[in-house]
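Asks: the amino acid sequence is not available; the structure is as follows:
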Ligand SMILES: *Cc1c(COP(=O)(O)O)cnc(C)c1O
């Protein structure tokens, strides 16, 4: 759905991020199948991994998602604005003094420490209306959550009916979720089973995207995929069963002939081995296209698809521009103003991540506000 506004906006900026909502819905349905009989939630933190939560969350709701996870209270507020009936959890927990905001938004904190639990319980006692919250147990990641010993204590208090609020979910997070047989994953799974048993009747959740696809024992009552919804491969190296979701196109600003032997871009780190035709394209690291994905004589970089052909980046990615070698395209195949594709058309977020020494999650979440966002499907 390319609107006039989008076309006008595109004349004023260099790039366009197209998000295929039909692909997101299809990915959710596949994950829900793998999660079954457990419920499949959707992780939409960081503006739905950078793709626009106002559009992505309603698409997920349409596909059947009812439980959503965000990282921050502000993200919960935005999500509540688009999904009035969703069950929303805030993963980063209870910011001291923020309990009344959570109640106002009707979002539930994922409580990750004894002090957060105490503050929530005291707040609920004052309110006289015990509300719900999730409990986060750390089974080995050492990020957020109660240590196992603390979870045992809280479990005793819960079973004695003295917790002061209703835990609606007990959850933990895997450190190496893409390796089901990793010793740490086996230990986390075993420990989480024991922890979940401390909270009889409370639904349990362990799986991220990778563990949702693994299925089996990892499913518990609720799965929490994120990256897989957006087409990223949760288990890099293995075939990706998800549909690609994003296309990143950027405009060709200039086409130029450069003689063999000259360097291209900052630092002149790549020297042309032959006389070349370069397309200089209006996309750079200020748009979130990672500088580390650039090219040099020592290390070849990422690709772009131009006029249906895969072409190599040449030289460093600068703030606002990238050079691409189009020598092998037929004369006149493209002109300034045409678009080059940096994600999509067979180029996955994981492929670009590989060139940049990072992960698909970072490639997605870095794409900045300069790119016009178009949601299709
Ligand atoms: C981000 C996050 C997820 C989703 O992880 P993916 O690897 O993107 O599927 C699930 N649970 C927690 C606690 C998270 O922080």
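Replies: Cool, got the structure. Everything numeric here is computed off the predicted structure, so don't read it as measured data.
Asks: what residue in the stretch 51-200 of the chain comes nearest to the ligand?
Replies: residue 173 (4.0 Å; C-beta to the nearest ligand atom). Heads up, the C-betas are built off the backbone N, CA and C, glycines and all.
Asks: so what's that residue closest to, chain neighbours aside?
Replies: The spatially closest residue to residue 173, leaving aside those adjacent along the chain, is residue 141, at 5.6 Å (C-beta to C-beta, 6 or more residues apart in numbering).
Asks: next, the one you found: secondary structure please.
Replies: On the three-state scheme (DSSP: H, G, I helix; E, B strand; the rest coil), residue 141 is labelled coil.
Asks: correct me if wrong: it contacts residue 171.
Replies: No - distance between residue 141 and residue 171: 11.8 Å, which falls outside the contact criterion (C-beta atoms under 8 Å).
Asks: which of the two has more residues huddled nearby?
Replies: residue 171 (29 against 15; other C-beta atoms under 10 Å).
Asks: okay, now residue 33: neighbour count?
Replies: Residue neighbour count, defined by other C-beta under 10 Å, stands at 10 for residue 33.
Asks: re earlier: what's the residue nearest to residue 173 sitting at in phi/psi?
Replies: The main-chain torsion angles of residue 141 are listed as degrees, to the nearest 10 and equal phi -90, psi -20.
Asks: do residue 353 as well
Replies: Dihedral angles for residue 353 - degrees, to the nearest 10 - are phi -60, psi -40.
Asks: anything in the helix or strand hosting residue 190 near the ligand?
Replies: Per DSSP states H and E, residue 190 falls inside helix 183-197. No - figure legend: helix 183-197 not in contact with the ligand (C-beta under 6 Å from any ligand atom); closest approach 12.5 Å.
Asks: again with stretch 97-111
Replies: No - in this structure, stretch 97-111 remains apart from the ligand according to C-beta under 6 Å from any ligand atom; the gap is never smaller than 7.6 Å.
Asks: what's the neighbour count on residue 108?
Replies: For residue 108, the number of neighbouring residues by other C-beta under 10 Å comes to 25.
Asks: I'd say it and residue 88 touch.
Replies: Yes - here residue 108 reaches residue 88: they are 6.8 Å apart, a contact under C-beta under 8 Å.
Asks: quick one, phi psi at whichever residue of the stretch 101-250 of the chain sits closest to the ligand?
Replies: Distance from the ligand to each residue of the stretch 101-250 of the chain (C-beta to the nearest ligand atom) is smallest for residue 226, at 2.7 Å. Note on residue 226: its backbone torsions stand at phi -120, psi -80 [degrees, to the nearest 10].
Asks: so it sits against residue 208, correct?
Replies: Yes - contact criterion C-beta under 8 Å: residue 226 and residue 208 qualify, at 6.7 Å.
Asks: any shared contact partners between those two?
Replies: Listed as contacting both residue 226 and residue 208 by C-beta atoms under 8 Å, 6 or more residues apart in numbering are residue 43.
Asks: and the pLDDT for the residue nearest to residue 95 when sequence neighbours are not counted?
Replies: Nearest in space to residue 95, with sequence neighbours left out and distances taken as C-beta to C-beta, 6+ apart, is residue 73 at 6.6 Å. Model confidence at residue 73, given as pLDDT, is 98.
Asks: and residue 73, how far is that from residue 107?
Replies: Here the distance between residue 73 and residue 107 works out to 7 Å (C-beta to C-beta, to the nearest Å).
Asks: overlap in contacts of those two?
Replies: Overlap between the contact sets of residue 73 and residue 107, as judged by C-beta under 8 Å, 6+ apart, is given by residue 90.
Asks: residue contacts, the residue of the stretch 1-150 of the chain found nearest the ligand?
Replies: For the stretch 1-150 of the chain, the residue positioned closest to the ligand under C-beta to the nearest ligand atom is residue 43, at a distance of 4.0 Å. Applying C-beta under 8 Å, 6+ apart, we find residue 43 in contact with 68, 69, 208, 224, 225, 226, 229.
Asks: same check, this time on residue 70
Replies: 44, 45, 76, 79, 88, 89, 90, 91, 107.
Asks: rerun at 10 Å
Replies: Residue 70 is in contact with 43-48, 53, 57, 76-80, 88-92, 107, counting by C-beta atoms under 10 Å, 6 or more residues apart in numbering.
Asks: which among the residues you listed end up buried?
Replies: Among the contacts of residue 70, those classed as buried by 16 or more other C-beta atoms under 10 Å are 43-48, 53, 57, 76-80, 88-92, 107.
Asks: next step: the residues you listed restricted to strands.
Replies: Taking DSSP state E, the ones among the buried ones among the contacts of residue 70 that sit in strands are 43, 88, 89, 90.
Asks: now render those residues as TSV, adding pLDDT.
Replies: What follows is these, written out as TSV (pLDDT from 0 to 100):
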residue	pLDDT
43	98
88	98
89	98
90	98
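Asks: can you check the pLDDT for residue 12?
Replies: On the pLDDT scale, residue 12 is placed at 85.
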